[in-house]
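Participant: Take a look and give me a structure for this.
(one chain, ligands or ions: 1)
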Amino acid sequence: MYLHLVIIATILVNCGVQVAHTFPVRDNSTTTATILLFEDINFRGIQVSYELGQSCVNIQGRANDRTSSVDTKGDCFLLYEHTNCRGRFHRANQTIDDLSSVNFNDSVSSLRRCSENDTQNRI
Ligand SMILES: [Ca+2]
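Facilitator: The predicted structure is shown next:
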């Protein structure tokens, strides 16, 4: 019975995270958090899933500079305008249905999880 529950839970997680057109990125940290990036506002268009530990991750391929909405799944992330977590950033601690509302539409090039030292919304 327990095994069945684990299998069902695994299937549910996989359904939620790994949909078509995703490019899952993982690192070796034990604690990870998932963020979903969407090409269009209101969580539409091509969806990309990133599972992040503590490292900065660059947005690969056609998803770069195309994100218009994000689902943070209850976690906190820093969205950066340049690769390697450089340049202007926005601290997203909740889901954002239209990144133009925080002047970040089609601008995200890298991201990382928030750390305890992140206190400002942007530089
Ligand atoms: Ca877009």
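
Participant: residues from the protein in reach of the ion?
Facilitator: Contacts of the chain with the ion, taken as C-beta under 5 Å from the ion, map to 39, 66, 68, 106. All C-beta spots, glycine's among them, are computed from the backbone N, C-alpha and C.

Participant: Out of the residues you listed, which sit inside strands?
Facilitator: Those of the residues of the chain next to the ion mapping onto strands are E39, per DSSP state E.

Participant: which of the residues of the chain next to the ion are buried?
Facilitator: Using 16 or more other C-beta atoms under 10 Å as the burial test, the residues of the chain next to the ion include 39, 66, 68 as buried.

Participant: which ones are touching D98?
Facilitator: With C-beta atoms under 8 Å, 6 or more residues apart in numbering as the criterion, the residues that contact D98 are 41-42, 68-69, 105.

Participant: again, but for G45
Facilitator: Neighbour list for G45: 38-39, 68 [criterion: C-beta under 8 Å, 6+ apart].

Participant: Alpha carbons of stretch 31-48, in CSV - could you do that?
Facilitator: What follows is stretch 31-48, C-alpha atoms only, in CSV (Å, rounded to 0.1, in the frame of the first residue of the first chain):
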residue,chain,number,x,y,z
THR,A,31,17.2,20.7,-1.4
THR,A,32,15.6,21.9,-4.6
ALA,A,33,12.7,24.1,-5.6
THR,A,34,10.9,24.2,-8.9
ILE,A,35,9.9,27.2,-10.9
LEU,A,36,7.8,27.3,-14.1
LEU,A,37,8.5,29.9,-16.7
PHE,A,38,5.9,30.7,-19.4
GLU,A,39,6.4,32.3,-22.7
ASP,A,40,3.2,34.3,-22.5
ILE,A,41,1.3,36.1,-19.7
ASN,A,42,-1.2,34.3,-17.6
PHE,A,43,0.8,31.0,-17.7
ARG,A,44,0.3,30.4,-21.3
GLY,A,45,2.6,29.5,-24.2
ILE,A,46,5.7,27.4,-24.0
GLN,A,47,6.4,26.2,-20.5
VAL,A,48,9.9,25.6,-19.1
